[in-house]
Structure formats: C-alpha cells, structure tokens
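Chemist: My questions concern the predicted model and sequence given below.
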Amino acid sequence: MRSRSVRFSESARSDLLGIHDWISSVASWKTASAYIERLEHFCMALDLASERGTAREDVRGGLHVVGFERKISIAFRVTDHDVVILRIFRDGRDWESEFAKE
C-alpha cells in the first residue's frame, strides 16, 4: 500500500475555519475545536488507501469525494505523491456547482 503526503488547499483551510465558526455559533468553541480536530485527523488518514470515496471524474478530473460523519463532504485529488484536500463542504451545500465555477 502506497503512502502519500496530505495537504490542504487554501480553499480547504478557509472551509475549515468557516465550519469552526459555524459550530462555535451554534454550540461552543470547545465543541467546534474537537470536531475540527476529528475532521483534520480523518483527512490526514487519506495518506493510505488514498483513492477511497467516490471518483467524480464527471465534475473534475482526478476528483474524489468522501463523507465524514454524515455531515461533511471532503473533495480531494490524488497524485502519485500526494493527496490534496481541495474543499470541505457542510451538509446541504451544492459542492458540484462550486467546482463548476472554478
């Protein structure tokens, strides 16, 4: 099994901050931070068996999407050497149209 490095795009980092802010506003900073920590850990675990999730070549070449705790969609691309987390979307967001804009 191949191991790859995992990195977050600037858009994905911004998405994480937005999710943290949203959870903080409806729960607490502590709850938001714990959730983001679990989410980041899940993303970093894409270093092995990186090509999991659903391939979405119809949206963008090399795109994979995987769910996290039934509330988050993680969009990423896999190369020979790394995994790039492109975007992280909250439940209910039309992520396919977000990629169409780019």
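Modeler: Alright, I've got the coordinates.
Chemist: excluding its backbone neighbours, what's nearest residue 57?
Modeler: Nearest residue to residue 57, sequence neighbours excluded (Cβ to Cβ, 6 or more residues apart in numbering): residue 63, at 6.8 Å. Quick note: C-beta positions are derived from backbone N, CA and C, even for glycine.
Chemist: Neighbours of residue 19, how many?
Modeler: 19 (other Cβ atoms under 10 Å).
Chemist: Kindly apply the preceding question to residue 54 instead.
Modeler: Residue 54: 10 neighbours (other Cβ under 10 Å).
Chemist: try the one 5 residues further on
Modeler: Other residues near residue 59 come to 15 when the count uses other Cβ under 10 Å.
Chemist: three-state assignment of residue 65?
Modeler: Three-state assignment for residue 65 (DSSP: H, G, I helix; E, B strand; the rest coil): strand.
Chemist: Please name the bridge partners of the residue nearest to residue 57.
Modeler: residue 77 (DSSP bridges).
Chemist: Which positions in the biggest strand by length in the chain come out as buried?
Modeler: The single longest strand within the chain, with elements called by DSSP state E, is strand 82-90. For strand 82-90, the neighbour count (16 or more other Cβ atoms under 10 Å) marks 83-89 as buried.
Chemist: With pLDDT and distance to residue 18 added, can I get the residues you listed in TSV?
Modeler: As requested, these are exported to TSV (pLDDT from 0 to 100; distance: Cβ to Cβ, whole Å):
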residue	pLDDT	distance to residue 18
83	96	21
84	97	19
85	97	14
86	96	15
87	95	11
88	96	9
89	94	10
